[in-house]
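K.L.:
Here is my input, please return the structure:
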Amino acid sequence: MFNTVYVLERDPAECRWIESALAGQVRKLIFLEDGATLLDWLATQGGDCLLCGAEPDASVALELVRRLRRHGQALPVVVIGPHSAFRTAVDVARLNGTDFLERPVSAQRLRAALRKVTAVTEEGAKR
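P.N.:
Model (predicted):
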């Protein structure tokens with residue numbers, strides 16, 4: 001189970017769906033409006049993962065991942081976006097993002113992506 005997962009998603013319906021899909025999987029979901037707020041939170045509190053919506057503009061999600069890495073944040077990132085954002089998926093992977101999920105995403109697939117984050121994080125901690 002995750003302690004804290006940050007969510008950057010602007011669509012209220014998607015936020016409710018994420019909250020429902022991750023019920024019982026995450027102790028605390030923190031919904032944030034923008035990357036600057038996320039960086040402020042990370043400066044004072046830890047977190048296990050970031051879920052980031054890539055719509056309507058996938059470049060916003062990509063720039064956020066770049067900013068996180070420039071600030072020395074290794075926080076795992078799962079980007080959720082449209083099939084047309086394939087190039088963003090490749091770029092996120094190059095920036096050590098953890099996963100890119102293509103919409104529509106099932107609750108099962110979202111939970112599997114978070115389990116993958118746990119496995120990657122735990123393996124990195126062992127090194």
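K.L.:
Other residues contacting the worst-scoring helix or strand of the chain on mean pLDDT?
P.N.:
Lowest mean confidence among the helices and strands of the chain (mean pLDDT, DSSP states H and E): helix 86-94, at a mean of 73. With contacts defined as C-beta atoms under 8 Å, 6 or more residues apart in numbering, helix 86-94 is touched by 54, 58-59, 61-62, 65, 77, 79, 81, 100. Backbone N, C-alpha and C define where each C-beta goes, glycine included.
K.L.:
And for stretch 64-80?
P.N.:
The contact list for stretch 64-80 (C-beta under 8 Å, 6+ apart) reads 6, 8-9, 35, 38-39, 42, 47-54, 58, 61, 85, 88-89, 92, 95-101, 103, 105, 110, 113-114, 117, 120-121, 124.
K.L.:
How about stretch 95-109?
P.N.:
Applying C-beta under 8 Å, 6+ apart, the contact partners of stretch 95-109 are 20-21, 49, 54-55, 62, 65-66, 69, 74, 76-83, 85, 88-89, 92-93, 110, 113, 116-117, 120.
K.L.:
Report the buried members of these.
P.N.:
21, 49, 54-55, 62, 65, 76-81, 85, 88-89, 92, 110, 113, 117 (16 or more other C-beta atoms under 10 Å).
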